[in-house]
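S.K.: need coordinates for the following:
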Amino acid sequence: MSKSSKKKQQELTLLLQKGFGYFRSKNYPEALRYLNQALKLDPPNADPIYFNRGLLYNTTGKHQKALEDFTSAIQINSKNAVYFSKRGELLHKLGRDEEAVKDLTIAINLSPKRPDYFQLRANIYELLGKFQLAIQDVNRLVELIPNNLTLLTWRGQLLLKLNKLEESATLFRQLIKMFKGPSSAFLYYHLAEILFKQQKIKESILNYQNAIKLSPNNHVFLFNLGHALIKNEQFQDALDYISKAIKIAPNGNQNPNYLFAHGLCLLRTDEYQKAILNFTRALKVNPEFPSIYLYRGICYNKLSQNNLAIEDFKIAIQLDPKQLEYYFHMSQCLAEIGEYQEAIQKISILLKSNPKDFRSYKLLAECQFMIEEWEPSLKSFKVIYENMKNDDPEIQKILEKKSKEKKNEQGNEKENKKENEKENEKEKEKENKKEKEIEKEKIDDKVDQKSELIIQVLCKIGQCYIKLEDLENAEKYFHLALEIQPNSVDARTGRGAVRFLRKEYAKALPDLEECYNVGGKKTAALTYLADTCFFLGQFEKAANYYEIIDKADPKNEDALFLCAQSYMKIANFKLAIKKCKKAILQEKKDLSRFYNLLGMAFTSIEKYPKSLKKYEKALKLSKNNPVYLFNRAVTLLKMEQIENAQKELTTCCELDPKNDGYHFWLAKCHSQLKENEKSIKQLTIAIELKSDEPQYYFARGLEYAQIGEKELSLNDLKKALSFDKENEHYLSLIEKIKNDKPLNEIEKENENEKKEENEKKEKNEKEEEKK
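M.R.: Numbers count the residues shown, from 1 in each chain. Below you'll find the predicted structure:
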């Protein structure tokens, strides 16, 4: 070595000593100055100088310069594992993980027993989601450092991320046996996590509890136990643990996840206002947490604050438009406030993504039902039924069971009894333990819920068919529902309604009475029941049922009207008047019919002037109503204003020429005015319209007798008798006319007979009033 080379080497050594010394003492500017001077000497093996300057740049945050120096060191010496590992570490820091992995792989190949290289590469693989590669590195680490709890725990966590749940759980169980004491708290915690993922919620809860016993103030353990308890529907217990987690955790009151879970527990324990406060606090911390808006909206909905609920659902949808659950709750809320069309639009979005979603289809069908779109509603309910029948195994079992029961009922009843007895004995043996009993109850509840669901759908289909006037199909679906549950109130109501609409009132009555007895005032059976009693002539019963409907639903105008009509039928005119006056005070929509009924009631109690005033009001509201004109005409007849009555009845016949009753009463007016020919003409029209009414023939027979047409008179009287063979009055009159008895004597006798009949009626009415 020449003197100059030797001197240069000495200078280099001195510069490096000073540079490294300043580096160690953290005097980075001086260290950098000496290292730069050393590099200016252009030494042949400068890689350590570049490497150390790279470390210095890295330490002072000048990462790009550090990267350049590490690269320079590698270019000079590509066999040094440390150079590659440090550059890999820096690349990872800069977010260039794929490049970092390449450098670390070279470092491992150059130095395969360095645990830190495997550890860093495993970390990067885990961050990249390459869990299989990460676990391979961790396995190598475990070989280099055996029985290390941290590494073994890491392996278990990676197995969990690879969804190798059973393998991961087995490892943690082994570790719990190997490592006792406080350190095993995390082992219990990780095992609980795995069990939770496996849906083994009860086991998961036990392991979280074991973790908390060893580390009682770990807010993460407390929170996750609360989460598992929520899953197990133990909301009050969950609330206690999550409350404790919030108190213990640093800034627990600012943790949106903790506040959200706390609010969820309050929601499930019906503490809606408190839940809203928690959700609102969580949203102040994280205003872009869509699930919180969803559940706060549900709380508002429960409190009937639907406008606030809808606003929250809208925000949730804006934040996460792909989350279908948000659309469902918004649709449900819109339906509750009667915005059925908008609800249908939202449901359509749901059904495009999931055409077989039961809840959405059910809500769609119900909305269509509410806006009286019977055919679309029917179609939707049928789709639900078919999907339930074909895709839900539990529904299939219910239907199969009922089908088998039906077949068995037709045939082998005795054999079935024996088999059932054997099955019952087996069931009793199985149900000895409490856990099995509880499990069975849960299964039974689930089956009952499913049965109830399918019955609801079948009944809705039946109701749609009723609205579409297809009674045969309606009965078919109510029958299917009754096969599943013979005591179903909705199904029996439906069947009763079908029978009512077919005018099979006697058959409808038992179904409707049973439904009313079970369902009470709110049941749909009540209206049909009241109407059925009315049409069966059970007016007192009908009035009682209409009274109940009126109290439960004061806006039901029809019930109030029919209640008044029922009182009219049982001659309780005071109550009939009271009901009509109530309707008038409440300003019901169709007041004309109530004024008309008031007119009839006042006529019945012989307050004719009042009656005429009420008819006048009825006719102002409903001009030229033939029914109201007819009733006024009857009152005028009772007041002996024959000519006025005749005018009214003539108008009635013009307005409704096919009403036989109007022609009959007009004939009466003509008769009283001694206009026999005109009377006969009107009676002939009445007979042409209704040829099986005996009193029309009887009246015409009398008119013929008045004008001396004995033969025609007898023909009509005999015709009347043919329809009413036991009528003694007709028989005696025929004999009198045959014997040429003077007509004025016959009329006097008829008048006396009528007086006697009226006196009897008055007596009966007075007795009824006393009762």
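S.K.: what domains does the record give for this protein?
M.R.: With domains defined by automatic domain parsing, the chain comprises 372-407+446-486, 692-758.
S.K.: tabulate those domains in CSV, adding columns for mean neighbour count, mean pLDDT and distance to residue 213.
M.R.: In this view, the C-beta of every residue, glycine as well, is placed from N, C-alpha and C. Output for the domains of the chain, formatted as CSV (neighbours: other C-beta atoms under 10 Å; pLDDT from 0 to 100; distance: least, C-beta to C-beta, whole Å):
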stretch, mean neighbour count, mean pLDDT, distance to residue 213
domain 372-407+446-486, 18, 80, 34
domain 692-758, 16, 78, 92
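S.K.: tabulate these (JSON lines), appending distance to residue 656.
M.R.: Listed next are the domains of the chain as JSON lines, based on distance: least, C-beta to C-beta, whole Å:
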{"stretch": "domain 372-407+446-486", "distance to residue 656": "25"}
{"stretch": "domain 692-758", "distance to residue 656": "17"}
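S.K.: out of those domains, which is closest to residue 18?
M.R.: Of all the domains of the chain, it is domain 372-407+446-486 that lies closest to residue 18, at 80.8 Å by C-beta to C-beta.
S.K.: now do the closest one: distance to the chain's middle.
M.R.: A distance of 17 Å separates the centroid of the chain from that of domain 372-407+446-486, by C-alpha atoms, centre = their mean, to the nearest Å.
S.K.: got the end-to-end distance for that domain?
M.R.: Domain 372-407+446-486 has an end-to-end distance of 28 Å (C-alpha to C-alpha, to the nearest Å).
S.K.: helices or strands next to whichever strand or helix holds residue 528 in the packing?
M.R.: Element membership of residue 528, judged by DSSP states H and E, is helix 525-535. Judged by 3 or more C-beta pairs under 8 Å, 6 or more residues apart in numbering; DSSP states H and E, helix 525-535 is in contact with helix 489-501, helix 505-519, helix 539-552, helix 557-569.
S.K.: 6 Å instead?
M.R.: helix 489-501, helix 505-519, helix 539-552 (3 or more C-beta pairs under 6 Å, 6 or more residues apart in numbering; DSSP states H and E).
S.K.: give the rounded mean pLDDT of stretch 234-244.
M.R.: In this model, stretch 234-244 carries a mean pLDDT of 95.
S.K.: please apply the same query to stretch 148-159.
M.R.: 92.
S.K.: and of the domains of the chain, who's closest to residue 323?
M.R.: Of all these, domain 372-407+446-486 comes closest under C-beta to C-beta, at 22.5 Å.
S.K.: low-confidence stretches in the chain?
M.R.: The chain contains residues with pLDDT under 70 at 1-8, 391-448, 519-524, 740-771.
S.K.: which helix or strand contains the residue most central in space within the chain?
M.R.: Nearest to the geometric centre of the chain sits residue 363, at 6.3 Å (C-alpha atoms, centre = their mean). For residue 363, the enclosing helix or strand under DSSP H and E is helix 358-370.
S.K.: contact partners for residue 85?
M.R.: 107, 117 (C-beta atoms under 6 Å, 6 or more residues apart in numbering).
S.K.: quick one: secondary structure of it?
M.R.: helix (DSSP: H, G, I helix; E, B strand; the rest coil).
S.K.: from residue 296, how far out is it?
M.R.: 51 Å (C-beta to C-beta, to the nearest Å).
S.K.: try residue 585
M.R.: From residue 585 to residue 296 the distance is 44 Å (C-beta to C-beta).
S.K.: which of these two has more residues huddled nearby?
M.R.: Neighbour count, other C-beta atoms under 10 Å: between residue 585 and residue 296, residue 296 has more, with 29 against 8.
S.K.: now the more buried one: closest residue in space, sequence neighbours ignored.
M.R.: residue 279 (3.9 Å; C-beta to C-beta, 6 or more residues apart in numbering).
S.K.: following the one helix or strand the one you found maps to, which helix or strand comes up?
M.R.: Element membership for residue 279 (DSSP H and E) is helix 272-285. Toward the C-terminus, helix 272-285 is succeeded by helix 290-302 as the next helix or strand (DSSP H and E).
S.K.: name the residues of the helix or strand hosting residue 64 that come out as buried.
M.R.: Here residue 64 sits within helix 63-76, counting by DSSP H and E. By 16 or more other C-beta atoms under 10 Å, the buried positions in helix 63-76 come out as 66-67, 69-70, 72-74, 76.
S.K.: and for stretch 265-272?
M.R.: Quick answer for stretch 265-272 (16+ other C-beta under 10 Å): 265-268, 271-272.
S.K.: and those as JSON lines, adding distance to residue 498?
M.R.: As requested, the buried residues of stretch 265-272 are exported to JSON lines (distance: C-beta to C-beta, whole Å):
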{"residue": "265", "distance to residue 498": "47"}
{"residue": "266", "distance to residue 498": "47"}
{"residue": "267", "distance to residue 498": "42"}
{"residue": "268", "distance to residue 498": "41"}
{"residue": "271", "distance to residue 498": "45"}
{"residue": "272", "distance to residue 498": "42"}
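S.K.: from the residues you listed, which two are the most distant?
M.R.: 265 and 272 (12.1 Å).
S.K.: can you give me the strands for the protein?
M.R.: For the chain, no strands are identified by DSSP state E.
S.K.: how far away is residue 509 from residue 77?
M.R.: 104 Å.
S.K.: which one of these two has more residues nearby?
M.R.: Neighbours were counted for residue 509 and for residue 77 using other C-beta under 10 Å; residue 509 has more, 21 against 14.
S.K.: now stretch 635-644 - C-alpha only, CSV.
M.R.: Extracted C-alpha coordinates of stretch 635-644, given in CSV (Å, rounded to 0.1, in the frame of the first residue of the first chain):
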residue,chain,number,x,y,z
THR,A,635,-146.8,9.7,6.1
LEU,A,636,-149.1,11.9,4.1
LEU,A,637,-151.5,9.0,3.7
LYS,A,638,-151.5,8.5,7.5
MET,A,639,-152.3,12.3,7.8
GLU,A,640,-155.2,11.6,5.3
GLN,A,641,-153.6,14.0,2.8
ILE,A,642,-154.5,11.6,0.0
GLU,A,643,-154.0,13.9,-3.0
ASN,A,644,-150.6,15.0,-1.9
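S.K.: what does that stretch rub up against?
M.R.: 603, 608, 611, 645, 669, 672-673.
S.K.: out of those, flag the one nearest to residue 283.
M.R.: Distances from residue 283 to these, taken by C-beta to C-beta, are shortest for residue 611, at 67.9 Å.
S.K.: which one is that closest one nearest to, not counting chain neighbours?
M.R.: residue 602 (3.8 Å).
S.K.: again with residue 361
M.R.: Using C-beta to C-beta, 6+ apart, the closest residue to residue 361 is residue 384 (4.9 Å).
S.K.: and what of residue 653?
M.R.: residue 662 (4.9 Å).
S.K.: pretty sure that neighbour contacts residue 650?
M.R.: No. Taking contacts as C-beta atoms under 6 Å, residue 662 lies outside contact range of residue 650: 9.0 Å.
S.K.: these two - which one has more neighbours?
M.R.: Neighbour totals were compared for residue 662 and residue 650, and residue 662 leads with 28 against 16 (other C-beta under 10 Å).
S.K.: thanks again, I'm all set now.
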